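>>> Sequence below, structure please.
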Amino acid sequence: MGVKNGAKTLHSVTGLTLADVAAMGKGLANEKQIMPRIVADCSNLLFVFSKCTSVVSAVAGHLSRIAASGVIMVPVCDGAIRPISKQATNKRIADKELSRIKAFHCRTKMIELKNRLVQESLSQVERDAITAEIRQQDTKMKRNETQSQRAMPQNFANDLEYELSHSNAHSVDEESAGGFVDHVVVAEFQADSYMAAQSINQNAVMVMTKDSDIPIIAGDDCISIKSFTKGKYEIVSTSESTLKHAMSYLPEASKQRVQFNAAANPVFDGVSNVRLRALIMLVLGCDVYIPGMKAVKGMSALRFVHSEKRACEDELFASLHQKFMEANKLSKQEVDTYIDAIIYEPTNHARVLVESPTEPSCCIERTYLFERPTSLPRYLEQYSIDDKFKTDSIFDGPATLTCKGVGERKHLFLAHEGHDACHNCKVALMGTYIQISRSVIIGNSIEYCLYRNGC
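Here you go, the predicted structure:
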């Protein structure tokens, strides 16, 4: 999901070729005296190549083609553990289950209609109408089945590593211009936080993702490759100066061809305070707080943030913080908890697919985007540095409830978000799920319990 209207806050350069992206990447790498690494979000690549016969081969081939331009591609996969604070993840799971149920109902309706064609005496007009409805239900069924499919195939990271190894993608040869595909990295939690950290710590010159949240939280120095297929490339950043500096490494012919596009609402440009960046993400609406700020005097959240005085970041933070609390009826502790959920998500990898003698997977230290937390509310206990931190530095924080979720996936949520009871089993559902639980109807009035577990 990223950040609502996040694309409107990013400057962009369009009309680029792979050679142009490689030239900028290698130029920036030489300047920073680092390797020209580009970290790539495998979830995005899976979506792009989802219709291919072999998704693994398609992703591996794409990474190899880019690496052949002379850069080092680092594929990054989401970990098995999903952050409790990322409510967008829970909503996506519920949406997929809802789509599965809708597909089932469409299939049932099709069977009923087909039986009518066989068993009933119908006029030609009636038969044509039923045939048209069958086609309509079939289209709906296929669409919902597609939406209900699992995004990340099981064992994808291992399969991709196997494919890359057997295609010699890890090797440097005369045709690769010095580039290669590095070993697959699996993040402990999300690929996003790992990738953002690689940019912040200057271990990578660019990130490859369609999501807007990585360049937003990683800061003005982060450049993201947003479009990367069909020979058309686009890079984005919250900073105009960062993109224009990268463009200085383009060949003269390319400078005449490419186009710089200023952001419609560059609210993050020049903002160095990470808590302020996180607060603006909350105001707009993001994975940890989906609703965003309620409209103020008919003004959207994006326009409201853009209209605020920006002379001093501390003053802007205090002003936005207060107005956000008032508009959404949140406490200071609740807002600060959401900010902590963004900036304290761990950035380390979960394991190493190919063991390294210098960094065994059993001795991975938990790392963070910025400084390490000194204390965390119980809602974010999952982000603790270690067991001692859990004992000494976790405080109660805002009130929480447990949502029954989907498929026995229980999860915490902050009580202020609102909750209701399941129609059948009366177990608590967080506010985000209430509408979904009421939206599946069988016949005219019987409600299907999306959160059934013995309902």
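
>>> so which helix or strand takes in the most far-flung residue of the chain relative to its centre?
What lies farthest from the middle of the chain is Ser121; by CA atoms, centre = their mean that is 52.8 Å. According to DSSP states H and E, Ser121 maps onto no helix or strand at all.

>>> and the chain, what are its domains?
Per automatic domain parsing, the structural domains of the chain span 6-78+153-261, 87-147, 274-330.

>>> The shortest one spans what distance, first to last residue?
I take that to be domain 274-330. Using CA to CA, to the nearest Å, the end-to-end distance of domain 274-330 comes to 21 Å.

>>> Gly231 against Thr17, yeah?
Yes - counting by CB atoms under 8 Å, Gly231 touches Thr17, with 6.6 Å between them. (C-beta placed from N, C-alpha, C; glycine too.)

>>> Please compare those two by neighbour count and tell me which comes out ahead.
Neighbours were counted for Gly231 and for Thr17 using other CB atoms under 10 Å; Thr17 has more, 15 against 8.

>>> Find me the pLDDT at that one, would you?
Note for Thr17: predicted pLDDT of 94.

>>> contacting residues around it?
With contacts defined as CB atoms under 8 Å, 6 or more residues apart in numbering, Thr17 is in contact with 231, 233, 254.

>>> Pick out the lowest-pLDDT one from those residues.
Gly231 (81).

>>> okay, and for the stretch 1-150 of the chain, where does confidence drop off?
Within the stretch 1-150 of the chain, the segments meeting pLDDT under 70 span 1, 150.

>>> all helices of it, in order?
18-32, 42-48, 55-67, 87-119, 124-147 (DSSP state H, counting those that start in this stretch).

>>> mind checking which of those helices is nearest His411?
His411 lies closest, by CB to CB, to one member of the helices of the stretch 1-150 of the chain: helix 87-119, at 5.5 Å.

>>> and that closest one, what other elements does it pack with?
Where contact means 3 or more CB pairs under 8 Å, 6 or more residues apart in numbering; DSSP states H and E, helix 87-119 is packed against helix 124-147, helix 431-437.

>>> is it true that Glu133 touches Leu113?
Yes - in this structure, Glu133 is within contact of Leu113 by CB under 8 Å, at 6.0 Å.

>>> of these two, who's got more company?
Neighbours per residue (other CB under 10 Å) separate Glu133 from Leu113, with Leu113 holding more: 16 against 13.

>>> picking that back up, and among the domains of the chain, the most buried is which?
When the domains of the chain are scored by mean count of other CB atoms under 10 Å, the highest mean neighbour count falls to domain 6-78+153-261 (a mean of 20).

>>> how far does that one sit from the chain's center?
Relative to its chain's centre, domain 6-78+153-261 lies at 16 Å (CA atoms, centre = their mean, to the nearest Å).

>>> Stretch 321-331 now?
The answer for stretch 321-331 is 25 Å, by CA atoms, centre = their mean.
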